[in-house]
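> quick one: sequence and predicted model below, then my questions.
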Amino acid sequence: MMSDDTILVITRAFEALPDRVFDAWLTREEWQCWIGPEGVDCDIHLLEPRVGGSYRLTMHVGGQPPIAVAGVFKVIDRPRLLSFTWGAADDPARQSLVTLTFLELNGKTEMTLRQEGLGSAANREQFGRGWNSALNKLDRYLEHNR
């Protein structure tokens, strides 16, 4: 079986229990504080944290047009698994699938982010930079909001 070089996989450890890390993805006030790469502010317009529920946000990247992102929650299994679509709000054909798994290890959380449907290795690299930067923000957010 050949590997798909368009699939992004990132594994990170956080100094918090899985339920705390999980909730930071589905609580509007918390998500607002950290989603988006470093240097990017996001407005959360809609967050319906239920299977079939939608979210919509706008990323403000200095000096560039805002980026509208939207998706639908596919799986919510607190605090183990979260899956949702991610893509351009104005182009339903440009949607990827993000799946997060949360594993407790000695009072910490190992979270794995897997994003499928990126279309190219270049997109995978770009999303990898963005997600790693956002996860840096999540790490700092959890550290300062225990």
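Perfect, thanks for sending it. Everything numeric here is computed off the predicted structure, so don't read it as measured data.
> contacts only, for Gly71.
Counting by CB atoms under 8 Å, 6 or more residues apart in numbering, Gly71 makes contact with 54-55, 84-87, 95, 98. C-beta coordinates here come from the backbone N, C-alpha and C atoms, glycine included.
> report pLDDT for it.
Note on Gly71: pLDDT of 96.
> what's the following helix or strand after the helix or strand harbouring it?
Element membership for Gly71 (DSSP states H and E) is strand 67-77. For strand 67-77, the following helix or strand on the C-terminal side (DSSP H and E) is strand 81-88.
> tell me which other helices or strands that following strand touches.
With contacts defined as 3 or more CB pairs under 8 Å, 6 or more residues apart in numbering; DSSP states H and E, the packing partners of strand 81-88 are helix 18-26, strand 67-77, strand 95-105.
> measure how it sits relative to helix 18-26, angle-wise.
Going by axes from the mean of the first three to the mean of the last three CA atoms, to 10 degrees, strand 81-88 is angled at 20 degrees with respect to helix 18-26.
> tell me where the longest helix sits in the chain.
helix 121-144 (DSSP state H).
> in that helix, what's buried?
Neighbour-count burial for helix 121-144 flags 123-124, 127-128, 130-131, 134-135, 137-139, 141-142 (criterion: 16 or more other CB atoms under 10 Å).
> within the helices and strands, which one has His45?
Applying DSSP H and E as the criterion places His45 in strand 40-47.
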